[in-house]
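Chemist: here's a sequence, model it:
(chains A and B)
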Amino acid sequence: MATIEVDQLSKSFRGLVAVDHVSFAVNEGEIFGFLGPNGAGKTTTVRMLCTLTRPSAGTARVAGWDIIREPNQVRKAIGIIFQEPSLDDRLTARENLRFHAMIYKVPKEEAKIRIARALEWMELSSRGDDLVRNFSGGMKRRLEIARALLHTPQVLFLDEPTLGLDPQTRNRIWERLLALRAENRMTLFLTTHYMDEAEYCDRIAIIDYGRIIALGTPTELKARLQGDQVVLMTADNLRAAAEIRRRYGVEPALDRENLRFQVADGAQFVPRLVRELGVPILSVMVRPPTLDDVFLALTGREIRDEEASEREKLKSRLQRMGRVWR
Amino acid sequence: MIDSACIHMVWRRDVLRYFREKSQLYGSLTRPVLWLFILGLGLRGGYREVGTVNYTQFIFPGIIAMTSIFTSIQSAISIIWDREFGFLKEILVAPVPRTSIVIGKGLAGTTLSLIQGCIILLLAPLVRVKLALVNILPLILVMAVMSFALTGIGIVIAARMTSFQGFGTIMNFIIMPLWFLSGALYPLEGLPWWLALLVRINPLTYGVDMIRRLVLGFSFYSPGFNLAFLTGFSILTTMAAVYFFNRGEY
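Modeler: Residues are numbered from 1 along each chain as shown, chains lettered A, B, ... in the order given. Predicted structure coming up:
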């Protein structure tokens, strides 16, 4: 039986559809990722599965319990790492963990053992009695993961687990998560808009405008794009794009400095391109497709970069604050 | 509905934080001291005595009430901070009933308010108020019921407000009027009709009046009436707090 079964799950806010009849299943011990741009409905889906938001239609079962009829059973069976920090930073790491154990009714003696183990597991043992406000972003994240493990959940939900962290910290967190899965057969459900993070998943669902537009292993999804990606920088990208369109019948994508398009055999195509293109070429690169290319091919857009999404987050935060005044 | 582990945790966290951050404790003690000794002494000259009671003595019960109002509402308002800094989600997603969270928060506000209130009681000798020993326990009980009720108001505000930007607004539009209209600073006799009306519909009036009875030995209303009103008010705000907190989207 699947650990998470989602059936036609939908959510709309004042007529705005955030999640649109989404169905999928996650197997026990699997790392399942939701990949998509901000506002695609990832967080809303997680919130529904965690019983924080009530679905408008459809339902889901998590660890065998119905999210609408048996929310308390679901809550006991899951651990959550939210997108934004949810620690009390005026308390020490150990106090945060102790309060979590209390509210999840882990017996006192048992809690002591588990707290020590969780701190050690997340490489925080030496900082257990420090106030969380003095922690770095990566340490806070690790502490949140440690906390979510205290009540031994069957499913761990992670909403953008490494957002805003530096690559080294991200790798370290992933190393811990993979070890966790290997040892406990825990099921991991995560959302992300980082391509490299999606690569860690056993299977991913690509989500856009509240709908799953593709689902499979990262390898399967990339294999759908038959051929290679050509990344090209020229003296005049606009003119080069027009010429490529006319000459080879492909539609190149333009970003700040590059042209990008797909051809069946990159190694054979490049010499031809260099010979034929009327615009001076500054650089050319051929590479196998990434998940970003898959997303682009499916939607015609790229998953926005981190910088833009951070700005967006700030904007929505300011709007949220502004609501009080109006 | 009643989850003792959850109530305990919510309560314990607030109390722990209170004792850790001494600045809050000292800060909230300067206010009553200012009112009592600076304003109280300043106004004393122009005040006609009620029986044998001078002005500083007269407002002493009001200052105790003020401490309850500020401490308990501020304590409940911390829910807004918890929401803004994310910790609220951690509690809300746990397998616990929200009613228990409200009760834990209410008891925490009451506890902190009682601690602060008792510190003010210790100032009694300084304004030459003699507290009868038998009245201490009833006094603490009255303060507790009043604080619990006020924490309820704080929770309703916190549940309705989306950010702490509006804290000054709460201060000016709720806390200050509640206190000024409670008869803490002036006697209830001989007020203009509209003021008398506002004072009469303010539930705090009955708390202040009851405290005055226990501290100074006289009151405007009968103790039975005051107590009945306070208890009813407390039940009402708790129900409102549970209702609004349950309904809130987080």
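Chemist: around chain B, pick out the residues from chain A.
Modeler: A:50-52, A:72-73, A:75-76, A:80, A:82, A:84-91, A:95, A:99-100, A:102-105, A:147, A:320-321, A:323-325 (CB under 8 Å from any CB of the partner chain). Every C-beta, even on glycine, is put in place using the N, C-alpha and C of the backbone.
Chemist: try it again at 7 Å.
Modeler: A:50, A:52, A:72, A:75-76, A:80, A:82, A:84-90, A:99, A:102-105, A:320-321, A:323-324 (CB under 7 Å from any CB of the partner chain).
Chemist: need the buried ones from those selected in PyMOL.
Modeler: Buried subset of the residues of chain A next to chain B, written as a PyMOL selection, criterion 16 or more other CB atoms under 10 Å in any protein chain shown:
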select buried, chain A and resi 50+52+75+76+80+82+85+86+87+88+89+90+99+102+103+104+105+324
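Chemist: which of the residues of chain A next to chain B fall in strands?
Modeler: A:Ile80 (DSSP state E).
Chemist: quick one, strands of chain A?
Modeler: For chain A, the strands defined by DSSP E occupy A:4-13, A:16-26, A:31-35, A:57-62, A:65-66, A:78-81, A:155-159, A:187-192, A:203-208, A:211-216, A:228-234, A:253-254, A:259-263, A:281-287.
Chemist: tilt between the fourth one and strand A:4-13?
Modeler: Here strand A:57-62 runs at an angle of 140 degrees relative to strand A:4-13 (axes from the mean of the first three to the mean of the last three CA atoms, to 10 degrees).
Chemist: for strand A:57-62, what does the pLDDT average out to?
Modeler: Regarding strand A:57-62, the rounded mean pLDDT is 94.
Chemist: looking at chain B, which helix or strand does the model trust least?
Modeler: Lowest mean confidence among the helices and strands of chain B (mean pLDDT, DSSP states H and E): helix B:167-170, at a mean of 75.
Chemist: how about that helix as CSV, C-alpha atoms only?
Modeler: Extracted in CSV, the C-alpha atoms of helix B:167-170 (Å, rounded to 0.1, in the frame of the first residue of the first chain):
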residue,chain,number,x,y,z
PHE,B,167,0.5,46.7,18.4
GLY,B,168,0.5,50.4,19.0
THR,B,169,-3.1,50.5,17.8
ILE,B,170,-4.1,47.9,20.3
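Chemist: what is the next helix or strand after that helix packed up against?
Modeler: Under the assignment DSSP states H and E, the closest C-terminal helix or strand after helix B:167-170 is helix B:176-180. With contacts taken as 3 or more CB pairs under 7 Å, 6 or more residues apart in numbering or on different chains; DSSP states H and E, helix B:176-180 sits against helix B:55-84.
Chemist: pull the CA atoms of whichever helix or strand comes after the helix it packs on into CSV?
Modeler: Using DSSP H and E, the next helix or strand after helix B:55-84 towards the C-terminus is helix B:87-92. Only the C-alpha atoms of helix B:87-92 are listed here, as CSV (Å, rounded to 0.1, in the frame of the first residue of the first chain):
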residue,chain,number,x,y,z
PHE,B,87,6.7,28.9,16.0
LEU,B,88,2.9,28.9,16.0
LYS,B,89,2.9,26.5,13.1
GLU,B,90,4.9,24.0,15.2
ILE,B,91,2.1,24.0,17.8
LEU,B,92,-0.8,24.1,15.4
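Chemist: show me what contacts B:Arg20?
Modeler: Applying CB atoms under 7 Å, 6 or more residues apart in numbering or on different chains, we find B:Arg20 in contact with A:Arg90.
Chemist: to clarify, my last question referred to B:Gly117.
Modeler: B:Ile64, B:Thr67, B:Ser68, B:Met143.
Chemist: with B:Ile7 instead?
Modeler: So B:Ile7 contacts B:Ser100, B:Ile103, B:Gly104, B:Leu107 (CB under 7 Å, 6+ apart).
Chemist: roughly how far apart are B:Met146 and B:Arg128?
Modeler: Distance, B:Met146 to B:Arg128, using CB to CB, to the nearest Å: 25 Å.
Chemist: show me which of those two is the more surrounded one.
Modeler: Using other CB atoms under 10 Å in any protein chain shown, the more surrounded residue of B:Met146 and B:Arg128 is B:Met146, with 28 against 11.
Chemist: skipping its backbone neighbours, what lies nearest the more buried one in space?
Modeler: Excluding its sequence neighbours, the residue lying closest to B:Met146 (CB to CB, 6 or more residues apart in numbering or on different chains) is B:Gly207, at 4.0 Å.
Chemist: quick one on the thing from earlier: residues touching the least confident helix or strand of chain B, excluding its own?
Modeler: Under the criterion CB under 7 Å, 6+ apart, residues B:Ile77, B:Ile157 lie in contact with helix B:167-170.
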